[in-house]
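Student: Have a look; sequence and predicted model below, questions after that.
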Amino acid sequence: MRRRLQASAALLLLAAAVVLTAVVAVEGFPRGITVLACLVLALAAAWWGLVRRGAARMVAFSAAALLLAGAVIVTVFEGTLLADAVIVAAFALSIGAASRAFATRAELPDAARPERAVLFYNPKSGGGKAERFHVADEARARGVEPIELARGDDLRVLVRRAIEGGADALAMAGGDGSQAIVAAAAAEYGLPYACIPSGTRNHFALDLGVDRDDVVGALDALVDGRERVVDLADVNGKVFVNNVSLGVYAEAVQSEGYRDAKLQTLVNTAPQVIGTDGEALDLRWNGPDGRERETSAVLLISNDPYRLGRALGSGTRPRLDRGLLGIAAFGNEEGSPGMRFREWASENFEVRSGAPVAAGIDGEAVRLDPPLRFHSHPAALRVRIARHHPGASPAATMPERPWGAVSALGRMALGRSTVA
């Protein structure tokens with residue numbers, strides 16, 4: 001019943017937003033065209049400024065700001081600001097209701113409780129979540145041995161010692177970079193692994209179906225859990241659970257000031273990578289058509305494909321068991337005008353270059369010697385999920401296309417849904 005109500009609410013809010021948009025567009029013609037033109041020109045000016053330095057950047061950013069201000073002034077002057085706000089709110093609420101309607105709980109097999117589970121935890125990760133939620137004490141209360149990762153410790157060494165000491169299950173409470181290290185060891189030795197979401201964003205936990213707001217409850221995966229099997233991926237032997245980024249972001253994270261001023265560092269890095277007066281990246285790769293491409297503003301290679309550019313479930317991976325790399329490329333390509341976006345999937349991928357390549361592996365800055373060889377490792381990792389957590393990505397049951405989502409919501413509202 002709750003799913004039917006959520007689906008009905010999503011459809012009603014969507015219908016209200018569409019109708020109100022049409023009414024405002026008709027009554028305010030040609031205001032809508034003027035506002036749209038201002039927004040498009042503002043985006044173009046902002047992009048032009050992003051890839052340049054000095055006075056040219058200031059002029060472009062100023063023009064973008066003036067165009068945005070013009071769009072706001074036209075909207076306010078026509079007296080439809082309230083209506084526009086209602087439209088935006090209706091669309092946002094519709095997406096939120098639809099996301100909840102599509103949320104699912106995976107049917108996973110029960111798993112035997114390990115005899116000697118070990119939890120590694122970073123007390124500083126995620127702003128100190130492990131300490132704030134007393135993760136070590138909660139682990140001990142469940143019969144799990146906690147091992148703190150202190151400054152200067154090598155997590156790989158700690159994990160290896162625990163396994164040699166008889167650990168038969170591993171867990172990590174920390175960021176995704178640390179999760180990858182523990183997950184790789186668990187996969188290598190065939191041990192079950194649990195992801196405890198005490199990092200900053202916890203992307204891997206989200207796509208695994210771990211409730212990111214229930215840090216302590218995630219420990220129950222090692223007591224009374226269910227089990228699913230997922231993929232891992234590696235680049236030049238370095239395992240990652242989420243993705244490897246090459247290009248603007250990867251170059252920015254190499255900077256010493258990135259952690260303290262992320263946005264400013266990214267803005268300052270962009271002209272060096274994709275600007276007309278910058279030094280083009282030497283990144284060569286074969287696209288889905290087999291043709292070699294050169295340079296790109298961003299190359300994102302993920303452990304299973306992300307859903308990109310969708311209103312529902314954007315930035316998440318519907319599945320972690322496809323045995324594929326997700327590959328997304330954005331930027332200038334030799335012989336092609338303007339910026340291009342390409343997205344495809346493959347079991348393997350290679351990036352060639354004439355020099356070491358800056359990379360962000362699950363958010364950690366590294367430099368890799370070329371060629372960069374990416375591989376998917378299907379069904380490599382046994383993951384324990386707490387019984388009361390979903391065990392599936394929030395995008396697991398979401399249709400790919402907008403009309404498919406609307407149609408599925410309609411079936412839910414009529415009580416004909418097959419979503420569990």
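Tutor: Great, that's in hand. Numbering: from 1, shown residues only.
Student: now the helices: where do they sit in the stretch 301-420 of the chain?
Tutor: Assigned by DSSP state H, counting those that start in this stretch, the stretch 301-420 of the chain shows helices spanning 402-413.
Student: same question but for the chain, I mixed them up
Tutor: 2-27, 31-50, 54-77, 81-102, 125-132, 135-141, 155-164, 176-189, 203-208, 248-253, 262-274, 402-413 (DSSP state H).
Student: Which among these is found nearest to residue 232?
Tutor: Proximity to residue 232, assessed across the helices of the chain by CB to CB, is greatest for helix 176-189 (5.8 Å). Just so you know, the C-beta spots here come from the backbone N, C-alpha and C atoms, and that holds for glycine as well.
Student: Could you give the average pLDDT over the closest one?
Tutor: In this model, helix 176-189 has an average pLDDT of 96.
Student: quick revisit: buried deepest among the helices of the chain, which one?
Tutor: helix 203-208 (a mean of 25; mean count of other CB atoms under 10 Å).
Student: contacts for it?
Tutor: In this structure, residues lying in contact with helix 203-208 by CB atoms under 8 Å, 6 or more residues apart in numbering are 176, 179, 195-197, 199, 212, 218, 228, 230, 241-242, 316-317, 320, 383, 385, 391, 393-394.
Student: now do stretch 140-160
Tutor: Here stretch 140-160 makes contact (CB under 8 Å, 6+ apart) with 116-123, 135-136, 139, 162, 167, 170-171, 174, 178, 181-182, 185, 219-220, 222-223.
Student: Now the buried members of the contacts of helix 203-208.
Tutor: 176, 179, 195-197, 199, 212, 218, 228, 230, 241-242, 316-317, 320, 383, 385, 391, 393-394 (16 or more other CB atoms under 10 Å).
Student: Report the rounded mean pLDDT for stretch 203-211.
Tutor: 95.
Student: Stretch 73-92 too?
Tutor: Per-residue pLDDT values across stretch 73-92 average out to 71.
Student: do the same with stretch 326-336
Tutor: Here the average pLDDT along stretch 326-336 is 74.
Student: show me where pLDDT drops low in the stretch 51-200 of the chain?
Tutor: 51-57, 60, 74-83 (pLDDT under 70).
Student: again, 90 this time
Tutor: Regions of the stretch 51-200 of the chain meeting the criterion pLDDT under 90 cover residues 51-106, 124-127, 151-152, 199-200.
Student: Burial check on residue 292, number of neighbours?
Tutor: Residues contacting residue 292 under the criterion other CB atoms under 10 Å number 10.
Student: isn't it right up against residue 285?
Tutor: Yes: between residue 292 and residue 285 a contact is recorded at 7.3 Å, counting by CB atoms under 8 Å.
Student: Residue 415: what's it in contact with?
Tutor: Residues in contact with residue 415 (CB under 8 Å, 6+ apart) are residue 4.
Student: Against residue 7, how distant is it?
Tutor: Between residue 415 and residue 7 the computed distance is 10 Å (CB to CB, to the nearest Å).
Student: measure the residue positioned nearest the centre of the chain to residue 306 for me?
Tutor: Nearest to the mean C-alpha position of the chain, by CA atoms, centre = their mean, lies residue 315 at 4.3 Å. According to CB to CB, residue 315 stands 6 Å off from residue 306.
Student: Likewise for residue 380?
Tutor: For residue 380 relative to residue 306 (CB to CB), the value is 19 Å.
Student: quick one, domains of this protein?
Tutor: The record's domain split for the chain, according to automatic domain parsing, is 2-103+399-413, 117-234, 243-378.
Student: for the second one, how far is the first residue from the last?
Tutor: One end of domain 117-234 to the other measures 26 Å (CA to CA, to the nearest Å).
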